[in-house]
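> Kindly generate the corresponding structure for this input.
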Amino acid sequence: MTRPGLISIKALADEMHAAGLHLGLYSDYGVRTCAGYPGSYGHYEQDAATFAEWGVDLLKFDRCAPTVDQDRHPARYFRQMGAAGF
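Now for the predicted structure:
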């Protein structure tokens, strides 16, 4: 933990793993998630490395706000996140 009462995602993942559970996170391959938060567009390698460093076991990778190119070729962007390590 970084300070009392504040838990990191890595610490949460460690606690969940110790309890025999898995941790899943949500992101989007576009510029925004369905809720309007920033997506992974343009940061696939960075996001995949961060999720792996945190100990994330599962990623729900959505398609809510694709760019025009992403809308035409969605599989390409899902493969990029997979190739990045997730």
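> ok, which stretches of the protein are helices?
For the chain, the helices defined by DSSP state H occupy 9-18, 44-54, 68-72, 74-83.
> who wins for proximity to Y26 among those?
Relative to Y26, the nearest member of the helices of the chain by Cβ to Cβ is helix 44-54, separated by 10.7 Å. From N, CA and C alone the C-beta is placed, and that goes for glycine too.
> Could you check the angle the closest one makes with helix 9-18?
50 degrees (axes from the mean of the first three to the mean of the last three Cα atoms, to 10 degrees).
> Which secondary structure element of the chain has the lowest mean pLDDT?
None of the helices or strands of the chain scores lower by mean pLDDT, DSSP states H and E than helix 68-72, at a mean of 70.
> residues contacting the spatially most central residue of the chain?
By Cα atoms, centre = their mean, the mean C-alpha position of the chain lies nearest to S27, the distance being 4.7 Å. Residues in contact with S27 (Cβ atoms under 8 Å, 6 or more residues apart in numbering) are 33, 39-40, 47, 59-62.
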